[in-house]
Each structure stands twice: as structure tokens, then as C-alpha cells.
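Undergrad: Fold the following, please.
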Amino acid sequence: MKEIFFIISFVIHQVIFSQDFNSINSNNVIAYFSENNSNATYVQHGDDNYLNLLMKNTSIEIIQLGNNNVVNYVGVNQQNHNIQVNTFGNNNSIQILGSNSISNGMSVEVIGNNKVVQIINR
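TA: This next block holds a predicted model:
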């Protein structure tokens, strides 16, 4: 339970990193997320899995099964995007930087160990 709380706290921190921290408080944090239309759903099963999400107008679904898996997603845009990322195995790394109309509806699935996937959308 402590790990889930840490991950949720980290995701919230990453999403509001570029914002003025004094303007976001317990009274308006829900409105902030609703306004940005961001939604992250994730399932993690294993040890030392890591998520780093910086997103706006994005719906992302992440499944990490295995140990030492990393997903970094940086996709700040003005269009709504839906992305699915599945990782099955150990020591896998997925980096998705940027988003555009081509990446909308993208699904990334990594099966195996010690794999690296980098997607750069500009």
C-alpha cells in the first residue's frame, strides 16, 4: 500500500511540476486534473517497477509485470491522446517522448527481458 501511495504521489508531482505550487491546493486539485483531461491507469506486479509520467490531455494505460521495469512518458500536447503500454518481463525500459496525431491510439507491448524501446514524436 505504501508503494501505491508513493507512485500516486510521484505521478501527481510530475503532472504539476511545471505549475505554480502555490496555486494548486486541496480545493482545486481535482479541477486541475479534470481541466487537463489526463488519466493514468496502471497495474504493477513485481519489484522495483518505475513510472515517470508528464502528460496533458492524455489517457494512458500501463501494465508492468516483472521486475525492474521503467516507463517514461512525456507527452504534453493540445490534442487528446490514448496510449497503452504493456511490459512483460524483467529489466525493460520504454521511453516515449512527445506525442502527435500518429501516436494517438498507439499500443506498445514488450515481451521478454532486457529490452529498450524509445519512441520520439516531434
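Undergrad: Next, work out how far apart residue 97 and residue 74 are.
TA: 5 Å (CB to CB, to the nearest Å). C-beta: built from backbone N, CA, C; applies to glycine.
Undergrad: For the residue lying closest to residue 48 once chain neighbours are set aside, the count of nearby residues, please.
TA: Leaving aside its chain neighbours, residue 48 sits nearest to residue 68 (4.9 Å; criterion: CB to CB, 6 or more residues apart in numbering). Neighbour count for residue 68, taken as other CB atoms under 10 Å: 17.
Undergrad: which SS class is residue 68?
TA: Put simply, residue 68 is coil when judged by DSSP: H, G, I helix; E, B strand; the rest coil.
Undergrad: doesn't residue 44 make contact with it?
TA: No - contact criterion CB atoms under 8 Å: residue 68 and residue 44 do not qualify, at 11.5 Å.
Undergrad: I'd say residue 73 and residue 53 touch.
TA: Yes - using CB under 8 Å, residue 73 is in contact with residue 53, at 5.1 Å.
Undergrad: Next, show the common contact partners of the two.
TA: Shared contacts of residue 73 and residue 53 (CB atoms under 8 Å, 6 or more residues apart in numbering): residue 60.
Undergrad: now the strands: where do they sit in the chain?
TA: With DSSP state E, the ranges of strands along the chain come out as 39-45, 50-65, 70-88, 93-97, 107-111, 116-120.
Undergrad: What confidence value was assigned to the closest residue to residue 62 other than its chain neighbours?
TA: Distances taken as CB to CB, 6+ apart place residue 42 nearest to residue 62, at 4.1 Å, with adjacent residues excluded. Listed pLDDT for residue 42 reads 81.
Undergrad: what's near enough to touch residue 42?
TA: 7, 51, 61, 62, 63, 64.
Undergrad: Next one: it relative to residue 82, how far apart?
TA: From residue 42 over to residue 82 (counting by CB to CB), the distance is 14 Å.
Undergrad: and what of residue 46?
TA: In terms of CB to CB, residue 46 sits 25 Å off from residue 82.
Undergrad: Residue 122 too?
TA: Residue 122 is 20 Å from residue 82, by CB to CB.
Undergrad: From the neighbour counts alone, determine which of these two ranks first.
TA: Applying other CB under 10 Å to residue 122 and residue 82 shows that residue 82 carries more neighbours, namely 14 against 6.
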